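Sequence isn't available, so here's the structure alone:
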């Protein structure tokens with residue numbers, strides 16, 4: 001939906017979980033010399049200013065990534081996924097920025113890899129075009145970026161359908177719609193089943209919110225995707241990891257959308273992703289709950 005603006009929510013605890021999973025998957029893909037393709041279906045602006053009035057209004061980053069930053073000391077013993085993520089994210093925080101999924105994907109991208117980013121929102125698209133050409137920020141400092149990024153501005157599910165299967169068959173589909181529209185649950189299910197059907201070597205990562213009013217739709221979506229992955233001659237493993245930050249039964253009418261956490265569903269996961277992501281989620285629970 002074009003009413004959704006990620007600036008209100010960037011850097012919240014759901015982002016932290018999603019981006020930790022993303023970094024772990026990309027880290028695994030980079031362990032082999034073979035190239036890979038990334039398709040990011042709902043990219044947003046790529047990077048965000050944490051002093052933006054929309055971010056300051058909700059304070060979600062204050063209770064998310066900034067809370068995580070303040071909780072970590074120099075001698076902290078961290079799970080692998082947490083350490084991997086903060087090494088990528090913290091150089092941006094030093095500049096008052098937050099790296100979204102396209103920016104994190106650029107940090108892992110190699111010369112032979114392909115990245116497709118997509119967003120339909122006109123304002124997000126303009127910022128995405130600009131941000132995808134800016135220098136990268138790493139612990140070593142500001143680094144130039146010269147690799148070509150494929151930028152699309154289409155309906156996410158139509159765009160995904162047109163891009164699969166890619167020429168480079170190793171890779172990842174990251175799907176994280178806002179789920180503001182109840183129809184997204186069905187659209188996501190059909191879109192990712194089609195990915196599995198046409199590109200069965202891909203890692204499929206789906207972010208989803210935990211909403212009291214959408215428990216049935218969420219359960220149906222995850223069950224259908226898990227069952228579909230088991231079909232055929234090349235069945236895929238799948239798992240979900242959830243980060244619950246509130247007691248759903250404690251939420252009242254005044255609490256708005258009744259989001260009490262978020263989850264990541266992964267089909268065809270890389271080796272040890274499940275263990276690493278669960279360890280990270282347990283660590284985050286101690287900070288955000």
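Thanks, I have the structure now. As the structure is a prediction and not an experimental result, all values here were calculated from the model.

So residue 92 versus residue 13, what's the distance?
17 Å (C-beta to C-beta, to the nearest Å). All C-beta spots, glycine's among them, are computed from the backbone N, C-alpha and C.

Centre of the chain to the host helix or strand of residue 27, how far?
Residue 27 belongs to helix 13-29 when assigned by DSSP states H and E. On the basis of C-alpha atoms, centre = their mean, to the nearest Å, helix 13-29 sits 6 Å off its chain's mean C-alpha point.

Which helix or strand lies directly C-terminal to it?
Of the helices and strands lying after helix 13-29 in sequence (DSSP H and E), the nearest is strand 37-40.

what's the burial count for residue 81?
Residue 81 has 25 neighbouring residues, counting by other C-beta atoms under 10 Å.

Was I right to think it contacts residue 278?
No: counting by C-beta atoms under 8 Å, residue 278 is not a contact partner of residue 81; they are 9.1 Å apart.

Distance check, the residue of the chain most remote from its centre against residue 132.
What lies farthest from the middle of the chain is residue 233; by C-alpha atoms, centre = their mean that is 29.1 Å. Between residue 233 and residue 132 the computed distance is 38 Å (C-beta to C-beta).

what do you get for residue 114?
Residue 114 is 14 Å from residue 132, by C-beta to C-beta.

Those two - which one has more neighbours?
It is residue 132, of residue 114 and residue 132, that has more neighbours when counted by other C-beta under 10 Å, with 23 against 19.

got the contact list for that one?
Counting by C-beta atoms under 8 Å, 6 or more residues apart in numbering, residue 132 touches 46, 102, 106, 117, 149, 151.

let's go with 10 Å and repeat that
43, 45-47, 102-103, 105-106, 115, 117, 145, 147-151 (C-beta atoms under 10 Å, 6 or more residues apart in numbering).

from those residues, which single one is nearest residue 217?
Lowest distance from residue 217 to the contacts of residue 132 (C-beta to C-beta) belongs to residue 43, with 23.8 Å.

Just to check, that closest one is in contact with residue 154?
No: applying C-beta atoms under 10 Å as the test, residue 43 and residue 154 come out as separate, 11.5 Å apart.

show me what contacts residue 87?
With contacts defined as C-beta under 10 Å, 6+ apart, the neighbours of residue 87 are 23, 78, 107, 138, 139.

angle of the strand or helix carrying it against helix 13-29?
Using DSSP H and E, residue 87 sits within helix 80-93. Angular relation of helix 80-93 and helix 13-29 on a 0 to 180 degree scale: 110 degrees, by axes from the mean of the first three to the mean of the last three C-alpha atoms, to 10 degrees.

Could you pull out the buried residues of helix 80-93?
Within helix 80-93, the residues that count as buried by 16 or more other C-beta atoms under 10 Å are 80, 81, 82, 84, 85, 86, 88, 89, 90, 91, 92, 93.
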